[in-house]
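**Q** fold the following for me, if possible:
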Amino acid sequence: MQEAIAKADALIEAMEYIRKFRRKIVVVKLGGSVLDNEELQKKMLTDVAFMSTVGMQPIIVHGGGKAITRAMTEAGIEPVWVQGRRYTDERTLAIVEHTLIHKTNTPICQILKELGCSSMALHSLSSCVLTAETLRLNGEGGRKLDVGFVGKVTTVNGELLQTLCDDGTIPVIAPVALDRVGGRLNVNADSAAGEVAAAVKAEKLVMVSDTHGILMDMKNPESRISSLSEQQIKELIEKGVITDAMFPKVEACLRALDAGVKKAHIIDGRIPHSLLLEIYTDIGIGTQIVKNNGSH
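**A** The predicted structure is shown next:
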């Protein structure tokens, strides 16, 4: 009986949020272990299906870095990294495209279908919503570093995404973009998610990763910071608290906030229902990032 009452209480708490976020777009970036573990993936996509069922409009942007590295190793190609970006020659690009589309995007759409949701695969072999230009990184002495077929997103087809959302369809975006002449470019999934959230003026951007959020001390999972403002984020970058893998996530969050997205969140996809807990409860379980500091 107590358990049933607790469930009803949880639904009542969620009601306020369900009402608040009805017909609002939430961009969910899937990455890390969630993509490597079928069980975790199904649980996370069940949360996305719930959001869609109660009237929210989720858009999924996914990565697939670990699967790409595995596929490259199987093909006898040693991954090369330049300032955290995967050097992408033609062979690597073919592996990236094949892995992201067939090994990641297609299964996500299949699971959503099994969960009773309508979804649409958006990638370089179907309707591509991402346009990019070749990325050149800044090297020493002002030199530009070539990273091959790697792109920086320049435009997002927000109209198509809005139309799909209004139709009750969940867009599932793979981070391979087209350039102006129709060539393919490998783009960072975190950055792509930030640009997608900016283009559709999403209510929220949620980055699903393998960390509990932003930690003051990387070695201490208990040091999670629950809420940060844009200014506090910049201070943590200067202090060297936010580094490496967290940097593109935070950069994407700031890009989204600058474009009018209300809140960005970084959550741990390994925690059961982390997506629903972050969106539909008062406390949340990750780190939320807002323009100016406020409560969860």
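
**Q** what's around Asp268, how many residues?
**A** 20 (other Cβ atoms under 10 Å). Where C-beta positions appear, they are placed from N, C-alpha and C, glycine not excepted.

**Q** correct me if wrong: it contacts Asp210.
**A** Yes. Between Asp268 and Asp210 a contact is recorded at 6.6 Å, counting by Cβ atoms under 8 Å.

**Q** which neighbours do the two share?
**A** Counting by Cβ atoms under 8 Å, 6 or more residues apart in numbering, no residue touches both Asp268 and Asp210.

**Q** buried set for the longest helix belonging to the chain?
**A** For the chain, the helix with the greatest residue count under DSSP state H is helix 2-21. By 16 or more other Cβ atoms under 10 Å, the buried positions in helix 2-21 come out as 14, 17-18, 21.

**Q** and the strands in the stretch 1-150 of the chain?
**A** Taking DSSP state E, counting those that start in this stretch as the test, the strands found in the stretch 1-150 of the chain are 25-30, 57-62, 81-82, 85-86, 118-122, 130-138, 144-156.

**Q** contacts only, for Leu11.
**A** By Cβ under 8 Å, 6+ apart, Leu11 has no neighbours at all.

**Q** the strands of the stretch 1-150 of the chain: which one's closest to Ser223?
**A** When these are compared by Cβ to Cβ, strand 25-30 sits nearest Ser223, at 23.2 Å.

**Q** ok and that closest one relative to strand 57-62, angle-wise?
**A** Here the directions of strand 25-30 and strand 57-62 differ by 20 degrees (axes from the mean of the first three to the mean of the last three Cα atoms, to 10 degrees).

**Q** who's in contact with the residue nearest to Ser127 when sequence neighbours are not counted?
**A** Distances taken as Cβ to Cβ, 6 or more residues apart in numbering put Leu160 closest to Ser127, at 6.7 Å, once the chain neighbours are dropped. Counting by Cβ under 8 Å, 6+ apart, Leu160 touches 122, 127, 129, 171.

**Q** ditto for Ala121
**A** Contact analysis of Ala121 by Cβ under 8 Å, 6+ apart lists 101, 105-106, 109, 172, 174.

**Q** select from those residues the one having the most neighbours.
**A** Neighbour max across the contacts of Ala121 (other Cβ under 10 Å) = Ala174, 32 neighbours.

**Q** shaky segments in the chain?
**A** Residue ranges of the chain with pLDDT under 70: 283, 293-296.

**Q** quick one, helices of it?
**A** Using DSSP H, helices in the chain cover 2-21, 33-36, 38-53, 65-74, 90-98, 106-114, 158-166, 189-199, 230-238, 246-258, 274-280.

**Q** quick one: distance of the third one to the chain centre.
**A** Looking back up the chat, that one is helix 38-53. Taking Cα atoms, centre = their mean, to the nearest Å, one finds helix 38-53 lying 14 Å from the centre of the chain it belongs to.

**Q** can you check the second one too?
**A** Mean-position distance between helix 33-36 and its chain equals 13 Å (Cα atoms, centre = their mean).

**Q** who touches that helix?
**A** Residues outside helix 33-36 that contact it (Cβ under 8 Å, 6+ apart) are 40-41, 44, 62-64, 66-67, 104, 208, 210, 269-270.

**Q** for the last one, same thing?
**A** Helix 274-280 is contacted by residues 13-14, 17-18, 21, 26, 28, 44, 47-48, 50-51, 204, 206, 208, 265, 267-269, 271, 283-286, 288 when judged by Cβ under 8 Å, 6+ apart.

**Q** convert the C-alpha atoms of that helix to CSV, please.
**A** C-alpha atoms of helix 274-280 as CSV (Å, rounded to 0.1, in the frame of the first residue of the first chain):
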residue,chain,number,x,y,z
SER,A,274,18.2,10.0,-14.6
LEU,A,275,16.5,11.8,-17.4
LEU,A,276,13.0,11.8,-15.8
LEU,A,277,14.5,12.6,-12.3
GLU,A,278,16.4,15.6,-13.8
ILE,A,279,13.3,17.0,-15.6
TYR,A,280,10.3,16.0,-13.4
